[in-house]
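1. need coordinates for the following:
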Amino acid sequence: MARGQAESLFPTLEELMGDASLAWQNLDAIGVGVGPGNFTGIRISVSAARGLALSLGIPAVGISTFEAIFHIAGRPSGRVAVFLPARKGSAYFQIFAGGQPQGPAFLEPDGSPRDPQWAEAVNAVAGPGKDGACHKIAIELGRAGKGPAPEELVVDGLNAQARAICAIAAERFGSRNERPKPLYVRPVNAAPAHGPPPVLLP
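-> Numbering: from 1, shown residues only. Prediction:
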């Protein structure tokens with residue numbers, strides 16, 4: 001959705017809650033995707049989740065898109081490169097090992113992994129398969145790591161990502177979680193505010 005994200009969010013949520021015969025008071029926690037992705041969309045969704053959580057007195061749990069893709073791929077063992085296409089042919093990456101992220105996410109401007117230090121010993125690559133992106137990245141990972149191309153785990157569908165975010169949030173519900181905040185891999189391209197900063201609530 002290019003425009004009208006803020007205006008459409010709550011009517012869509014109300015519709016989903018109605019389809020499930022649920023009211024806001026029936027919720028025990030809120031899971032929200034924190035990106036990376038569209039700057040405006042992430043800010044809107046995270047702000048809405050935190051506001052709802054505050055008003056309902058329940059926790060909000062932030063889940064990255066990398067975690068969601070890794071979950072959909074079946075949480076494979078070994079070193080797994082999770083990727084997400086970005087603008088202008090670039091791609092976001094994060095390495096998982098032992099079921100957990102290893103180091104921060106990073107951006108490859110041309111969409112292909114080049115650094116042999118992290119490409120070595122990657123046994124699987126997980127991400128969207130549109131336009132053969134997963135296959136291309138697997139081939140490039142094999143070349144950069146000077147080994148065989150890793151297994152391709154094609155993950156497609158926003159609905160699957162939404163379900164994965166809910167499932168991971170349910171697993172983490174009850175444990176200590178920081179308040180959700182957007183995951184920005186690239187610098188935020190936004191003009192600074194002119195007025196005084198808002199007061200942050202605990």
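
2. residue 161 reaches residue 72, doesn't it?
-> Yes - contact criterion Cβ atoms under 8 Å: residue 161 and residue 72 qualify, at 7.0 Å. C-beta here means a position set from N, CA and C on the backbone, and glycine is covered the same way.

3. touching, residue 27 and residue 58? I think so.
-> Yes - Residue 27 is in contact with residue 58 according to Cβ under 8 Å; the separation is 6.0 Å.

4. by mean pLDDT, flag the weakest helix or strand of this structure.
-> Across the helices and strands of the chain, mean confidence by mean pLDDT, DSSP states H and E is lowest for helix 116-119: a mean of 86.

5. list the buried residues for it?
-> For helix 116-119, burial by neighbour count (16 or more other Cβ atoms under 10 Å) applies to 118, 119.

6. do the same with stretch 178-189
-> Per 16+ other Cβ under 10 Å, stretch 178-189 contains these buried residues: 179, 180, 182, 183, 184, 185.

7. any weak-confidence spans in this structure?
-> 1-3, 187-195, 197-198, 200-202 (pLDDT under 70).

8. in the protein, which spans are strands?
-> For the chain, the strands defined by DSSP state E occupy 30-33, 60-63, 79-85, 91-97, 100-108, 122-127, 151-154.

9. for the third one, packing partners?
-> Judged by 3 or more Cβ pairs under 8 Å, 6 or more residues apart in numbering; DSSP states H and E, strand 79-85 is in contact with helix 65-72, strand 91-97, strand 122-127, helix 133-145.

10. for residue 59, see how far away residue 169 is.
-> 9 Å (Cβ to Cβ, to the nearest Å).

11. number of residues surrounding the residue nearest to residue 161 when sequence neighbours are not counted?
-> Excluding the flanking residues, the one nearest residue 161 by Cβ to Cβ, 6 or more residues apart in numbering is residue 68, at 4.6 Å. Residues near residue 68, counting by other Cβ atoms under 10 Å, number 25.

12. show me what contacts residue 68?
-> Taking Cβ atoms under 8 Å, 6 or more residues apart in numbering, we find residue 68 in contact with 33, 161, 164, 165, 168.

13. check residue 17 too.
-> Residue 17 is in contact with 23, 24, counting by Cβ under 8 Å, 6+ apart.

14. could you list the domains of the chain?
-> With domains defined by automatic domain parsing, the chain comprises 1-64+158-202, 74-154.
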